[in-house]
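> for reference, the sequence and a predicted model appear below.
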Amino acid sequence: MPIILFGFIALYILAACNQSPKQENTASTSTQAQAPAVPDEILKLGEKTFALSCASCHKDSLGSAVPSTAILSQMSSRAIFTALSKGKMVVQAKDLSDEQRKAVAQWITKKPMRETSFPATAFTKFDLTEEDVQASYNHSGWGGNLEGTGYRTAQQAGITPQNVSTLKLKWAFGFPDGTQVRSKPAVIGKWLIVGSEFGEVYALDKDTGLIGWVFSADAAVRGAISFTKGKELTAYFADYATNVYAIDVVTGTLKWKKRAGTHPQSSVTGSVVVNDGRVYVPITSFEVVSSANADFECCTSSGGVVALDAMNGNEVWRHRVIAEEAKISGKKKNGKSFYGPSGAPVWCSPTVDVKRQLLYIGTGENYTNPPTETSDAIQAIDLKTGKLKWNFQASSHDTWNLGCPDNPNCPEKIGPDLDFGMAPLLVKTPQGKDVLVVGQKSGVVHALDPDNGKLLWQKRIGKGGMLGGVHWGMATDGELVYAANSDHPYALDLRDSSVNAAPGVFGLKIQTGEIVWKTAPAPCDTATRKVCLPANSAAPLVIPGVVFAGDINGFVRAYSTIDGSVLWQFDTVREYDGVNGIKGNGGTIDGPSPLAADGMLFVNSGYGAFGQMPGNVLLAFTVK
């Protein structure tokens, strides 16, 4: 495969890294324009200023304890300018003019610096009642509960098999200049709290889509928003640069901020989870992308989880997926040193097991040799101490990075890149037994004993591969587990010709893994869509009788949990007049599941990377 395709694939597979430095706008049906280019004179000034004033610290080489230029490039230009002018870098930038600070910000990010302005009609008064705080349909975090099941009761959802066909679009919210929409909202009464591609976090009236307040984080907020009730109502989330935030929900103001990553290329693509006074933060690494640079010293990072005190952000413990630090492990083709072991990133949200006092995570591939037993694995970690309790490895000797296949940073033996990109599901079977169920990019669904990590059953539902298998997640109602299988045609695992690709949505028995039903995505209309990729990658949502799942072609559908028949569908690929005054376009649905609450369904539309359709809208549907 051409190296450009491997690069194209690699970022997608960051099952949760999901924002390419160069996002492609390839959908003929979408008019969402790329952000304007930064003028050459500004880029030249920014590059010169950075080299003189910043490069000595913000470097990609070993030994740097500050965010690398690769991580900084994922931030918004406004966030970098703020850090230089009145934030944590103000001392280092004291001799720079505002012109130089703005130029540095735009050179690093390659994004023009401009403030977003909404019309006055886009705003409404933020008010929160006790009824809102106690609402039974409230939603927090990635899977809606500590077990990560992606399940909503009929009372919480307000949607049933009988009324699902009456779902109608109520409003659309356009994210300014957006090409990806992938933060899953929290629901608190009449309010949604949702993050965005450029770091803004919005409080939106769920009935109207109007803005109550806006908070600006330093970098993209890709994961779900979690909140806790107590003396104060607090929302928690992380940005891509590993900054973790606690904000006051009533005022939208910062309570504390702490950086969870310690490696210069650490990043967060998943969602934090909050339990019993602690915030658990999944850690991944941009090194998988930086390795495309043949001169990059590859690779030294490890995936992990950091536990922070929810009151003040202080670190409680830190777990490294790869216990040992990387060291020189061989010579590259260009004569420079390889470092390892490395990689095994944690892409998605952890899952909490209160009964066993365990935290479950999934890990990805090793970036370099030597391979470890903790890559492509499920791990159970002690909630109190951060100590590893058990480790289940599904695929061994999987070493891969963006340098493959021809770059000197590519390991000698190239692995198939079969991450666990989803949060494990902890579910009780009809017989009362706890089971941990997780899908892998290999196209295999695994069921494990949460007491010891022993395999209970495995079921292959697809061919799998770099863009195959289960990416973002599954959902379960305790009877069946519902899996979205991608088997994206761009990058399948071709090692076994006897296994066929099988994209679609599957219902499997929770006790045995037996496939009860499967529904393939509908064929594309190539006459109206330049991008035509029939595959299901986004996580599903299940309510009694109904599974909601979006597809890469931009359709969101409601499936019967009984037989997988389609009960309702909506084509999101169209233009919208955003209630906030921003023109919107729908595109590929990828990433988190839809969200159902109080008779409404909320759907992200737009995923402008990896040949998929860009878009910038959050859509709200309501039943009659």
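Done, it's in.
> which residues touch the longest helix that the chain contains?
Secondary structure of the chain per DSSP state H: the longest helix is helix 40-53. For helix 40-53, contacts defined as CB atoms under 8 Å, 6 or more residues apart in numbering pick out 58, 92-93, 95-96, 99-100, 102-108, 110. All C-beta spots, glycine's among them, are computed from the backbone N, C-alpha and C.
> go through it and flag the buried ones.
Ile42, Leu45, Gly46, Thr49, Phe50, Ser53 (16 or more other CB atoms under 10 Å).
> one more: stretch 558-578?
558-561, 564, 567-568, 570, 572-574, 576, 578.
> one more: stretch 388-395?
Lys389, Trp390, Asn391, Phe392, Gln393, Ala394, Ser395.
> so which of these belong to helices?
Per DSSP H, the buried residues of stretch 388-395 never map to helices.
> out of the residues you listed, which sit inside strands?
Lys389, Trp390, Asn391, Phe392, Gln393 (DSSP state E).
> tell me which of these is nearest to Asp451?
Trp390 (8.5 Å; CB to CB).
> separation between the closest residue to that closest one other than its chain neighbours and Ile461?
Leaving aside its sequence neighbours, Trp390 sits nearest to Gly453 (CB to CB, 6 or more residues apart in numbering; 3.9 Å). Separation of Gly453 from Ile461 (CB to CB, to the nearest Å) stands at 22 Å.
> and the buried residues of helix 40-53 as CSV, adding distance to Lys331?
Below are the buried residues of helix 40-53 laid out as CSV (distance: CB to CB, whole Å):
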residue, distance to Lys331
Ile42, 41
Leu45, 39
Gly46, 36
Thr49, 37
Phe50, 32
Ser53, 35
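> would CSV of those residues with distance to Val181 and pLDDT be doable?
Converted to CSV, those look like this (distance: CB to CB, whole Å; pLDDT from 0 to 100):
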residue, distance to Val181, pLDDT
Ile42, 28, 91
Leu45, 33, 93
Gly46, 28, 90
Thr49, 33, 91
Phe50, 30, 90
Ser53, 35, 85
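> of those, just say which sits nearest to Met613.
Closest to Met613, out of all of the buried residues of helix 40-53 and judged by CB to CB, is Ile42, at 30.1 Å.
> how about the strands in the stretch 401-550 of the chain?
Assigned by DSSP state E, counting those that start in this stretch, the stretch 401-550 of the chain shows strands spanning 425-428, 434-439, 444-448, 455-460, 474-476, 480-485, 504-509, 515-519, 541-543, 546-550.
> ok, which of these comes nearest Ile414?
strand 444-448 (20.2 Å).
> list the pairing partners of that closest one within its sheet, with orientation.
strand 434-439 (antiparallel), strand 455-460 (antiparallel) (DSSP bridges).
> before we move on, the earlier item: what packs against the following helix or strand past the longest helix of the chain?
Counting by DSSP states H and E, the element after helix 40-53 in chain order, helix or strand, is helix 69-72. Contacts defined by 3 or more CB pairs under 8 Å, 6 or more residues apart in numbering; DSSP states H and E place helix 69-72 against helix 98-109.
> on that earlier part again, dump the longest helix of the chain to CSV, keeping only the CA atoms.
This file holds the C-alpha atoms of helix 40-53, laid out as CSV (Å, rounded to 0.1, in the frame of the first residue of the first chain):
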residue,chain,number,x,y,z
ASP,A,40,2.9,33.5,4.0
GLU,A,41,4.3,36.6,5.7
ILE,A,42,2.7,35.6,9.0
LEU,A,43,4.0,32.0,8.6
LYS,A,44,7.5,33.3,8.0
LEU,A,45,7.4,35.6,11.0
GLY,A,46,6.0,32.9,13.2
GLU,A,47,8.6,30.3,12.1
LYS,A,48,11.4,32.8,12.7
THR,A,49,10.1,33.8,16.1
PHE,A,50,9.5,30.2,17.2
ALA,A,51,13.0,29.2,16.2
LEU,A,52,14.5,32.1,18.3
SER,A,53,12.3,32.0,21.3
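> now it, how far from the chain's geometric center?
32 Å (CA atoms, centre = their mean, to the nearest Å).
> direction-wise, compare it with helix 98-109 and give the angle.
Calculated by axes from the mean of the first three to the mean of the last three CA atoms, to 10 degrees, helix 40-53 forms an angle of 90 degrees with helix 98-109.
> list just the nearest of the contacts of helix 40-53 to Asp525.
Nearest member of these to Asp525, counting by CB to CB, is Lys110, at 34.3 Å.
> separation between the closest one and Gly46?
Distance, Lys110 to Gly46, using CB to CB: 10 Å.
> if we can go back for a sec, tell me the buried residues within the contacts of helix 40-53.
His58, Ala93, Leu96, Gln100, Lys102, Ala103, Val104, Ala105, Gln106, Trp107, Ile108.
> report the contact partners of Ile164.
Actually, residue 164 is Val. It isn't Ile. Per CB under 8 Å, 6+ apart, neighbours of Val164: Val546, Ala558, Leu567, Trp568, Val623.
> how about the last one, what does it touch?
Read that as Val623. Gly158, Ile159, Asn163, Val164, Thr166, Leu167, Lys168, Gly599, Met600.
> show me which of those are buried.
Gly158, Ile159, Val164, Leu167, Gly599, Met600.
> how close does the nearest residue to the last one once chain neighbours are set aside sit to Leu601?
Leaving aside its chain neighbours, Met600 sits nearest to Thr622 (5.0 Å; criterion: CB to CB, 6+ apart). To Leu601, Thr622 is 8 Å away according to CB to CB.
> Asp127 too?
Counting by CB to CB, the gap from Asp127 to Leu601 is 24 Å.
> out of these two, which sits in the busier spot?
Ranked by neighbour count (other CB atoms under 10 Å), Asp127 and Leu601 place Leu601 first, with 27 against 12.
> SS state for that one?
Secondary structure, DSSP: H, G, I helix; E, B strand; the rest coil: Leu601 is strand.
> quick check: which element contains the closest residue to it other than its chain neighbours?
Distance criterion CB to CB, 6+ apart; nearest residue to Leu601, sequence neighbours excluded, is Phe621 at 4.3 Å. Using DSSP H and E, Phe621 maps to strand 617-622.
> check which helices and strands that strand sits against.
strand 168-174, strand 600-605.
> quick one, what contacts Gln440?
So Gln440 contacts Asp376, Ala394, Ser395, Leu418, Asp419, Phe420, His446, Gly464, Gly469, Val470 (CB under 8 Å, 6+ apart).
> what is the nearest of the residues you listed to Leu308?
Phe420 (23.2 Å).
> give me every residue that touches the closest one.
Applying CB under 8 Å, 6+ apart to Phe420 gives the contacts Trp347, Gly362, Thr363, Gly364, Asp376, Ala377, Ile378, Ala394, Val438, Gly439, Gln440, Lys441.
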